[in-house]
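Novice: okay, sequence plus prediction incoming.
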Amino acid sequence: MNDHVLITGGSRGIGAATVLEFARAGYDVAFTWNSREDAALDVVQQAQALNPGGRFVALHADVSDSAQVNAAVQEALQQFGSLQALICCAGIAQQKLFTDLTDEDWHRMMGVDLDGVFYACRAVLPGMIRQKYGRILLVSSMWGQTGGSCEVHYSAAKAGVIGLTKAVARELAPRGVRVNAVAPGFVETDMTAKLSEKARAATEEQIPLKRMARPEEVAGVVRFLASDAASYITGEVVRVDGGMAM
Ligand code: NAP
């Protein structure tokens, strides 16, 4: 029987690359989308082409709404019977001076990038505890480790994801659940596509590997951490940043 994984934010970017990475590895994949059903259906088609025998399900959920996250998890469980892994990729970013941040900016960022992770973990854990087996992978960010200028709310949410990773890892390790995070630097996705040519060149100059990551380069690390090759790793945050934050 295939392992089953739920991926939030699987319609685009790192999440979409992760869906395809797990499809290639033989997992059945349920993933969520929020605004781009077209992109989600395209990812289902690509996954099905990679693994015609696999099951791929796109589910709508705004991760900042706990009821929608609970419903997506229940639907994934209904379809697959169990979930061996949860991967939280859904996220938003916003650049703004700290003093210009509104209450709404702050709460929206926390709602999607931190509350969404809390809701998803809380919803999958009872099943993982019952089956004494689970892997959770959370996508944080380099800015959650180093702090990003003009991205204070994003950095705070992503630092929160790191704290959550370590605390849940400690609490659930005795129950057979491993919890790890990745901290990407700059990745070629819609999130970074709005960088001007000049800003992009300046950014790449600061990265020791002199280029941004491809989404597949993050997805590969996520899959390693979810695999039995990483069976003794929990509570870890793996930088995937071309050396930028070292
Ligand atoms: P992206 O290409 O903009 O994709 C964002 C994904 O999140 C999409 O699938 C989107 O769904 C989903 N999403 C956004 N808001 C949502 C919400 N309220 N509820 C549910 N899903 C929602 O972004 P990305 O670059 O792949 O980023 C993925 C993760 O990596 C994020 O957590 C981000 O913070 C993190 N990260 C990215 C970078 C980078 O340089 N790109 C660096 C470090 C960390 P729709 O397609 O339906 O809108």
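Specialist: Good, I have the coordinates.
Novice: secondary structure class for Val57?
Specialist: Val57 falls in the strand class when you classify it by DSSP: H, G, I helix; E, B strand; the rest coil.
Novice: which helix or strand contains the nearest residue to it once chain neighbours are set aside?
Specialist: With CB to CB, 6 or more residues apart in numbering as the criterion, Val57 has its nearest non-adjacent residue at 4.4 Å, and that residue is Ala30. Placement of C-beta: from N, CA and C, glycine included. Using DSSP states H and E, Ala30 maps to strand 28-33.
Novice: again with Leu164
Specialist: Here Leu164 is assigned to helix 152-172, by DSSP H and E.
Novice: next SSE after that helix?
Specialist: Note on helix 152-172: by DSSP H and E, the next helix or strand toward the C-terminus is strand 177-184.
Novice: list the buried residues in that next one.
Specialist: Buried residues in strand 177-184, counted by 16 or more other CB atoms under 10 Å: 177-184.
Novice: cool, stretch 103-113 as well?
Specialist: Residues 109-113 are the ones in stretch 103-113 that count as buried (16+ other CB under 10 Å).
Novice: now those residues in TSV, with secondary structure, pLDDT and distance to the ligand?
Specialist: As requested, the buried residues of stretch 103-113 are exported to TSV (DSSP: H, G, I helix; E, B strand; the rest coil; pLDDT from 0 to 100; distance: CB to the nearest ligand atom, whole Å):
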residue	secondary structure	pLDDT	distance to the ligand
Met109	helix	98	10
Met110	helix	98	12
Gly111	helix	98	7
Val112	helix	98	4
Asp113	helix	98	6
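Novice: just the residues you listed now: which is nearest Ala39?
Specialist: Taking CB to CB as the measure, Ala39 sits nearest to Val112 out of these, at 17.1 Å.
Novice: pull the contacting residues for that closest one.
Specialist: The contact partners of Val112, by CB atoms under 8 Å, 6 or more residues apart in numbering, come to 62-64, 90-92.
Novice: strand 28-33 and the helix or strand that comes right after the strand holding Ala30, what's the angle between them?
Specialist: Moving toward the C-terminus from strand 28-33, the next helix or strand (DSSP H and E) is helix 37-50. Per axes from the mean of the first three to the mean of the last three CA atoms, to 10 degrees, the angle that helix 37-50 makes with strand 28-33 is 160 degrees.
Novice: near the ligand at all, helix 37-50?
Specialist: Yes - judged by CB under 6 Å from any ligand atom, helix 37-50 comes into contact with the ligand through Ala39.
Novice: now that helix: buried residues?
Specialist: For helix 37-50, by 16+ other CB under 10 Å, it's 39-40, 43-44, 47, 50.
Novice: output the contacting helices and strands for it.
Specialist: Counting contacts by 3 or more CB pairs under 8 Å, 6 or more residues apart in numbering; DSSP states H and E, helix 37-50 packs against helix 13-24, strand 28-33, strand 56-60.
Novice: can I get these in a markdown table with distance to the ligand, mean neighbour count and mean pLDDT?
Specialist: Below are the helices and strands packed on helix 37-50 laid out as a markdown table (distance: least, CB to the nearest ligand atom, whole Å; neighbours: other CB atoms under 10 Å; pLDDT from 0 to 100):
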| stretch | distance to the ligand | mean neighbour count | mean pLDDT |
| --- | --- | --- | --- |
| helix 13-24 | 2 | 26 | 98 |
| strand 28-33 | 4 | 28 | 98 |
| strand 56-60 | 8 | 20 | 98 |
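Novice: if I've got this straight, Leu138 is in a helix?
Specialist: No - read with three-state DSSP, Leu138 is strand and lies in no helix.
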